[in-house]
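>>> My questions are about this predicted structure, shown below with the sequence.
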Amino acid sequence: MFEKALRRVEGGTVLRVQVSPGSAKDSWAGYDEWREAVKVKIAAEPRGGMANEALVEFVARSFGILPGSVEIVAGAKSRLKEVILGGVDEESANQRLMEVLKS
């Protein structure tokens, strides 16, 4: 279902996300078919990299990996970002996204 938001790379998977900073809480918020990105709400404000740090921690927690295994590889100053999930294959990432977006 989320295959278009995922791309295999050496050592992991890149996940395309559309981030809404300054939200009430950190949460997964659906899928944007037009942007081919998973929507993520982050409570932190987009100042001084705080929302980016919170995004990395939230994604790591959601996928059960260490924050050091998550890195923003594109879009650091944009709402549309690409995040690498180190050590996570595409199939596992897709399955986990289905789980977190179902709840």
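Now that the structure is in, tell me what you want to look at. Residues are numbered from 1 along each chain as shown.
>>> okay, CA-based contacts and neighbour counts for the rest of this
Will do.
>>> And the strands in this protein, which stretches?
Using DSSP state E, the strands of the chain run over residues 6-9, 12-21, 27-32, 37-42, 70-74, 80-86.
>>> Buried residues in the first one, which are they?
Within strand 6-9, the residues that qualify as buried are Leu6, Arg7, counting by 16 or more other Cα atoms under 10 Å.
>>> Give me the helices and strands touching it, please.
Under the contact criterion of 3 or more Cα pairs under 8 Å, 6 or more residues apart in numbering; DSSP states H and E, strand 6-9 touches strand 12-21, helix 90-102.
>>> now the longest one
Based on contacts counted as 3+ Cα pairs under 8 Å, 6+ apart, the elements that strand 12-21 packs against are strand 6-9, strand 37-42, strand 80-86, helix 90-102.
>>> Repeat the analysis, applying 6 Å as the threshold.
Where contact means 3 or more Cα pairs under 6 Å, 6 or more residues apart in numbering; DSSP states H and E, strand 12-21 is packed against strand 6-9, strand 37-42, strand 80-86.
>>> what does the fourth one give?
Judged by 3+ Cα pairs under 6 Å, 6+ apart, the packing partners of strand 37-42 are strand 12-21, strand 27-32.
>>> contacting residues around it?
5, 16-21, 23, 26-31 (Cα atoms under 6 Å, 6 or more residues apart in numbering).
>>> Go ahead and build a ChimeraX selection from the buried members of those residues.
To isolate the buried subset of the contacts of strand 37-42 in ChimeraX, counting by 16+ other Cα under 10 Å, use the following:
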select :5,16,17,18,19,20,21,26,27,28,30,31
